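[1] this one's structure only:
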């Protein structure tokens with residue numbers, strides 16, 4: 001009798017241990033109200049003039065790279081040619097907006113800003129396609145292949161960046 005009681009305790013303990021995740025899931029699904037809205041974030045395109053980069057990523061993390069270049073040929077030969085000017089990173093998004101501030105370019109020798117987006121470390125490799133929404137014909141996109149990886153870069157002449165016109169560049173995966 002003592003042996004049967006001990007086995008019953010062991011079976012009960014194992015059953016409770018195995019059922020607890022299922023019970024927790026059912027409780028959370030039916031009784032916990034989880035609000036996934038984030039307050040204070042805007043994903044609409046900006047209303048003021050300037051040069052903006054909009055990133056749409058449905059499949060994981062991304063990095064937006066910025067380089068300064070002195071001449072166009074060197075700028076488009078490799079994705080990382082030029083003077084590294086910074087990186088902005090993010091995750092899944094329907095519209096991260098970044099404004100380029102050309103007044104932060106200190107050296108007047110630089111004539112171009114190169115921008116491109118690629119998937120972050122540990123994220124699914126994918127190509128981000130640029131779409132240029134602008135009347136400025138000087139802003140152009142180029143495709144660069146380096147070590148069998150394709151990069152779509154956008155070259156922006158620094159002289160074309162001002163706050164009197166709206167230039168929008170959208171990268172999406």
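    That came through, no problem. These numbers were taken from a predicted model, which means no experiment stands behind them.
[2] C-alpha only now, for contacts and for neighbours.
    OK.
[3] wait, what's in contact with the residue positioned nearest the centre of the chain?
    Centroid check for the chain by C-alpha atoms, centre = their mean gives residue 62 as the closest residue, at 3.5 Å. Residue 62 sits next to 89, 90, 91, 117, 118, 119, 120, 123 when contact means C-alpha atoms under 8 Å, 6 or more residues apart in numbering.
[4] what's the span of stretch 86-101, first residue to last?
    12 Å (C-alpha to C-alpha, to the nearest Å).
[5] if you could redo that for stretch 122-134, that was the one I meant.
    33 Å.
[6] can you tell me what sits against it?
    Looking at what lies outside stretch 122-134 - C-alpha under 8 Å, 6+ apart - the contacts are 59-62, 117-119, 139-141, 150-154, 166-173.
[7] pull the distance from it to the chain's centre.
    9 Å (C-alpha atoms, centre = their mean, to the nearest Å).
[8] helices of this protein, start to end?
    2-31, 72-75 (DSSP state H).
[9] that older thread, want to throw the contacts of residue 62 into CSV with neighbour count, distance to residue 15 and pLDDT?
    Formatted as CSV, the contacts of residue 62 follow (neighbours: other C-alpha atoms under 10 Å; distance: C-alpha to C-alpha, whole Å; pLDDT from 0 to 100):
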residue, neighbour count, distance to residue 15, pLDDT
89, 15, 45, 88
90, 15, 42, 87
91, 18, 39, 85
117, 28, 50, 91
118, 24, 47, 88
119, 22, 43, 86
120, 17, 42, 84
123, 13, 38, 71
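[10] thanks a lot, see you next time.
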